[in-house]
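S.K.: here is the input, now give the coordinates:
(one chain, ligands or ions: 2)
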Amino acid sequence: MPSLDIFQYPYNSDNYGILLHSRETGETAAIDAGDANALQAALKDNGWSLSHIFITHHHADHTAGLETAKKNSNCKVTGPGLSSQIPGLDKTVVHGDTFQFAGVEIQVIHTPGHTRDMMNFYLPSENAVFTGDTLFALGCGRLFEGDAEMMWNSLELLKKLPPETTVYCSHEYTEANASFAITIDPENEDLISRIESIREKRANNQPTVPSKLSEELRTNPFLRADAPEIRAQLNMQHASDVEVFAEIRARKDNF
Ligand code: ZN
Ligand code: FE
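M.R.: Ligands and ions are numbered 1, 2, ... in the order given. Reported below is the predicted structural model:
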């Protein structure tokens, strides 16, 4: 059974980048390339050299280092087939595609909403999903290019992954997300205790990413638009899931 080392590193003010490394083949893939220097430093720290980059979406904080990283390493870049805004893609993928990295299967999940081109990468054998700016710990991405229905449908796809899946998102937004989440779901005991542990981690400058999908399902209000207690809190018992989700997203935008 092939398995990968997963290394998470911070860059910019609140971004996380990921390296996937195979000890068997020596190959190393980066999820996104927002900062070429930070990526290079992460590779150097581990003594790895870059063979692949998998891009989630076109935003600069995920792609600004792409051209330099490619020039430095000659790596192969895979990214969203729907985007014309990402230069230097060697291969494009669409929803439902699967491909191999170092003998490990990667499934492509298209999750539009934050952007139209957003691709998430699910690695069943590693129990890991890389959600870009779609699903955050206790949050979800802003709707820059899509609408609430699009994002809710995208989140529904992620909700169907096995609950034991580890969720790697691209930003450390968790503490701010927590302050908002409790206004939507104030009686949720799992949320209350999660917030305590989040505040403790951040006070010690520790990452709150990754998280488990099971805890997101219990505590992330953006995954819980169908939960009766949230509908009651918002006085939206008879609204559709999309309407409830849109209301939660709108409140967060103004929080
Ligand atoms: Zn983004
Ligand atoms: Fe981002």
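S.K.: after the longest helix anywhere in the chain, next one along is what?
M.R.: The longest helix of the chain (DSSP state H) is helix 189-203. Going down the chain from helix 189-203, the next helix or strand is strand 211-212, by DSSP states H and E.
S.K.: show me what that next one packs onto, helices and strands only.
M.R.: When contacts are defined as 3 or more C-beta pairs under 8 Å, 6 or more residues apart in numbering; DSSP states H and E, strand 211-212 sits against strand 166-168. Bear in mind the C-beta positions are built from the backbone N, C-alpha and C, glycine included.
S.K.: CA atoms only: put the helix or strand just after the strand it packs on into PDB for me.
M.R.: Along the chain past strand 166-168, the next helix or strand (assigned with DSSP H and E) turns out to be helix 174-184. Taking C-alpha atoms only, helix 174-184 is exported to PDB below (Å, rounded to 0.1, in the frame of the first residue of the first chain):
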ATOM      1  CA  THR A 174     -10.200  29.200  12.100                       C
ATOM      2  CA  GLU A 175     -10.200  31.500  15.100                       C
ATOM      3  CA  ALA A 176     -12.200  34.200  13.300                       C
ATOM      4  CA  ASN A 177     -14.500  31.500  11.800                       C
ATOM      5  CA  ALA A 178     -15.000  30.100  15.400                       C
ATOM      6  CA  SER A 179     -16.200  33.500  16.700                       C
ATOM      7  CA  PHE A 180     -18.800  33.600  13.900                       C
ATOM      8  CA  ALA A 181     -19.800  30.000  14.100                       C
ATOM      9  CA  ILE A 182     -20.900  30.300  17.700                       C
ATOM     10  CA  THR A 183     -23.400  33.000  16.800                       C
ATOM     11  CA  ILE A 184     -25.100  30.600  14.400                       C
END
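S.K.: ok, and what's touching helix 174-184?
M.R.: Helix 174-184 has contacts (C-beta atoms under 8 Å, 6 or more residues apart in numbering) with 136-139, 191-192, 194-195, 198-199, 202, 208-209, 219-221, 230, 233-234, 248, 251-252, 255.
S.K.: buried ones in that helix?
M.R.: For helix 174-184, burial by neighbour count (16 or more other C-beta atoms under 10 Å) applies to 174, 175, 176, 177, 178, 180, 181, 182, 184.
S.K.: now, among those, which is nearest to residue 17?
M.R.: Nearest to residue 17 out of the buried residues of helix 174-184 is residue 174 (C-beta to C-beta; 16.8 Å).
S.K.: now do the same for that closest one: its pLDDT.
M.R.: pLDDT, the model's per-residue confidence, is 98 for residue 174.
S.K.: so how far is ligand 1 from it?
M.R.: As judged by C-beta to the ion, to the nearest Å, residue 174 and ligand 1 stand 16 Å apart.
S.K.: which elements pack onto the longest helix of the chain?
M.R.: Right, helix 189-203 is packed against helix 174-184, helix 213-219 by 3+ C-beta pairs under 8 Å, 6+ apart.
S.K.: filter the contacts of helix 174-184 down to the ones near ligand 2?
M.R.: Residues of those in contact with ligand 2 (C-beta under 5 Å from the ion): none.
S.K.: buried members of the residues you listed into PyMOL, please.
M.R.: Only the buried entries of the contacts of helix 174-184 go into this PyMOL selection, using 16+ other C-beta under 10 Å:
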select buried, resi 136+137+138+139+191+194+195+198+208+209+219+220+221+230+233+234+248+252
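S.K.: residue 120 and residue 56 touch, don't they?
M.R.: Yes. The pair residue 120 / residue 56 is scored as a contact, 6.8 Å apart, by C-beta atoms under 8 Å.
S.K.: between these two, which contacts overlap?
M.R.: 130, 132.
S.K.: and the residue of the stretch 101-250 of the chain found nearest ligand 2, how close does it get to residue 171?
M.R.: Residue nearest to ligand 2 within the stretch 101-250 of the chain: residue 133 (4.3 Å; C-beta to the ion). Going from residue 133 to residue 171 by C-beta to C-beta, to the nearest Å gives 7 Å.
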